[in-house]
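Enquirer: based on what follows, work out the 3D shape:
(one chain, ligands or ions: 1)
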Amino acid sequence: MAAVTLLEARALTRHFGGLRAVDGVDFDLAQGEIHALIGPNGAGKTTFVSLLCGRIPVQSGSIRFAGQDITRLPAHRRVRIGIAYTFQITAIYARLTVRDNIALAVQSRGAANLAAETMAALDRVGLAARADMLAGELSYGHQRLLEVAMGLALRPRLLILDEPTQGLANSEIDAFKDLVRGVVPEMTVLLIEHNMDVVMDLAQRITVLNFGQVLATGTPDQIRANPAVQSAYLGG
Ligand SMILES: Nc1ncnc2c1ncn2[C@@H]1O[C@H](COP(=O)(O)OP(=O)(O)OP(=O)(O)O)[C@@H](O)[C@H]1O
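Expert: Purely as a prediction, here's the structure:
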């Protein structure tokens, strides 16, 4: 793939005491791709994306984003240069309406037309009809969609989604897949996902983590056919 690299991690490492949560990971994201991060529970996926977005400090190794070394950049500055991690950074305010949650995200980047952009973000994730509900009253799956909408409202260059389809019905998963396909190549998407149907259907490339290390990177077909991945994760 002769693509432009948006993000590049080298020898990225984060241990917790003796536990090697992320252990020397080399990782590249091509601009405009949908890239899935998979692996068994505890493989280090959430820790890895937390290092990328700055929620957890890096112990060693480096991260470059759009040509800039961001290894030590604080999380809020990473948001400003275009990295949005839906699950952690844009936490939902349960006692505000769905609309106001989105409006806060739109406002935070100083958008010119707050109301219109807020509705556009709601429309995009299919939550427009629920705009006036309190966010805390949404179903779990819809709260995850609200997080995605808040991430989108930030207009990031990189959207990191941590298990976005958890709690969604099958019809909603289909709508979610369309949504993600619609944001690339304008945005780049990094997706932590346990639902293998979603991963295989949506991702152009997949990275498999196991015990904090990269077990394999490749296209869905390559990953499916990889014997090490099958025994560690896909269960043959
Ligand atoms: N703050 C922390 N302190 C100590 N150990 C941690 C901390 N955060 C994560 N860990 C440990 O690091 C390892 C990797 O966890 P992580 O949550 O990154 O895995 P994961 O691949 O995202 O798992 P899951 O699929 O279950 O979400 C686990 O053993 C976890 O218990």
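Enquirer: C-alpha coordinates for stretch 40-47, PDB please?
Expert: The C-alpha trace of stretch 40-47 is given here as PDB (Å, rounded to 0.1, in the frame of the first residue of the first chain):
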ATOM      1  CA  PRO A  40      -7.600 -11.700  23.600                       C
ATOM      2  CA  ASN A  41      -8.800 -10.000  26.800                       C
ATOM      3  CA  GLY A  42      -5.900  -8.400  28.500                       C
ATOM      4  CA  ALA A  43      -3.800  -8.300  25.400                       C
ATOM      5  CA  GLY A  44      -3.100  -4.600  25.900                       C
ATOM      6  CA  LYS A  45      -5.400  -3.100  23.300                       C
ATOM      7  CA  THR A  46      -6.900  -0.400  25.600                       C
ATOM      8  CA  THR A  47      -3.600   0.400  27.100                       C
END
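Enquirer: hmm, stretch 175-192 touching the ligand?
Expert: No - Stretch 175-192 stays out of contact with the ligand when judged by Cβ under 6 Å from any ligand atom, the minimum separation being 6.7 Å. For the C-beta atoms, the positions are set from N, CA and C on the backbone; glycine is no exception.
Enquirer: only the buried residues of that stretch, if you could.
Expert: Judged by neighbour count (16 or more other Cβ atoms under 10 Å), stretch 175-192 contains these buried residues: 176-177, 179-180, 183-184, 187-192.
Enquirer: now, which of these lie within strands?
Expert: In strands, defined here by DSSP state E, the members of the buried residues of stretch 175-192 are 188-192.
Enquirer: related to what we said a few turns ago, and the buried residues of stretch 175-192, which is closest to the ligand?
Expert: Ile192 (6.7 Å; Cβ to the nearest ligand atom).
Enquirer: so that closest one bridges to which residues?
Expert: Note on Ile192: beta-bridge partners Leu37, Asp162, judged by DSSP bridges.
Enquirer: state the distance from it to Glu117.
Expert: Taking Cβ to Cβ, to the nearest Å as the measure, Ile192 falls 27 Å from Glu117.
Enquirer: do Gly18 as well
Expert: Applying Cβ to Cβ, the value for Gly18 to Glu117 is 47 Å.
Enquirer: the two: which has the busier surroundings?
Expert: Taking other Cβ atoms under 10 Å, Gly18 and Glu117 do not tie; Glu117 has more neighbours (19 against 5).
Enquirer: tally of neighbours for Ala149?
Expert: 27.
Enquirer: where does it fall, phi/psi-wise?
Expert: phi -60, psi -40 (degrees, to the nearest 10).
Enquirer: perfect, I'm done here.
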